[in-house]
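K.L.:
predicted structure and sequence below. I'll ask about it afterward.
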Amino acid sequence: MLTKEQRTQLVEAAQKAQGLAYAPYSKYNVGAALLSANGKTYLGANIENAAYPDGICAERVAVFQAVIEGERQFQAVAVVTKDGGTPCGSCRQVLAEFGLDTVVLIANAAGQVKQETTVAGLLPGAFGPSNLSN
Ligand code: THU
C-alpha cells in the first residue's frame, strides 16, 4: 500500500525524470520513476535516436536500470507526460515480467495523477513467466 507521501514523491521523481528525456524527434518527453520493494527509486526517460526504432521508452529505461542494480520486485511506477499518456504495449509487457500488482500512476507534466491502475489493469491476460515455468 502506497502512502500519500510515497505517491507524491514518486510523481515528483517522474517529473524530474521527464526533464532528462532526449526526445528531439517526437518532442514527447516521458519521465518514469519506479519504486522498488526495497524502497529505492529508479528513474527513466525516453531516449530517442536518429535511427528511430533504436530509441527506448522511459518505463523500460527505469526497469532495466533497477534490474541491473539487483532489483526484481516493484511497488509502483509513476509515468509523466505532457498529457497523461499511458504506457505503450512494450512497456506494459516489460513491467508485467516483474509483477502484475505493481501500481501505475499516470500523471501529466503538472504532476496531476490522471489514472491510477496496476500492471494487470493495463495488460489483462498477460503472457508472463508462469507460461514458461515447467
Ligand atoms: N514513449 C515512452 O517513453 N513511453 C511510453 O510508454 C510511450 C511512448 C516515448 C517513445 C518515444 O520517444 C515518444 O514517447 C513518442 O512515442
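P.N.:
Sure thing, it's come through. Not measured: the values here are computed from a predicted model.

K.L.:
could you find the closest non-adjacent residue to the residue nearest the centre of the chain?
P.N.:
Nearest residue to the geometric centre of the chain (CA atoms, centre = their mean): residue 59, 3.4 Å. Using CB to CB, 6 or more residues apart in numbering and skipping the chain neighbours, the partner closest in space to residue 59 is residue 91 (3.8 Å). In short, each C-beta sits where N, CA and C put it, glycine included.

K.L.:
picking up where we left off before, so the residue nearest to the centre of the chain is in which element?
P.N.:
Assessed by DSSP states H and E, residue 59 sits inside helix 58-68.

K.L.:
give the buried residues for that helix.
P.N.:
58-63, 66-67 (16 or more other CB atoms under 10 Å).

K.L.:
the residues you listed: which ones sit near the ligand?
P.N.:
Filtering those for neighbours of the ligand using CB under 6 Å from any ligand atom leaves 58-59.

K.L.:
dump the residue contacts of the residue nearest to residue 59.
P.N.:
Going by CB atoms under 8 Å, 6 or more residues apart in numbering, residue 91 touches 57-60.

K.L.:
redo that, cut-off 10 Å
P.N.:
In this structure, residue 91 makes contact with 30, 32, 44, 56-63, 77, 79, 104, 119, 122-123, judged by CB atoms under 10 Å, 6 or more residues apart in numbering.

K.L.:
for the longest helix that the chain contains, which positions count as buried?
P.N.:
Ranked by residue count under DSSP state H, the longest helix found in the chain is helix 4-18. Using 16+ other CB under 10 Å as the test for burial, helix 4-18 gives 6-7, 9-15, 17-18.

K.L.:
chain neighbours aside, what residue packs nearest to residue 86?
P.N.:
Closest residue in space to residue 86, ignoring its immediate chain neighbours: residue 106 at 5.6 Å, by CB to CB, 6+ apart.

K.L.:
immediately after the helix or strand the one you found falls within, which helix or strand?
P.N.:
For residue 106, the host element (DSSP H and E) is strand 103-108. As assigned by DSSP H and E, the chain's next helix or strand after strand 103-108 is strand 113-118.
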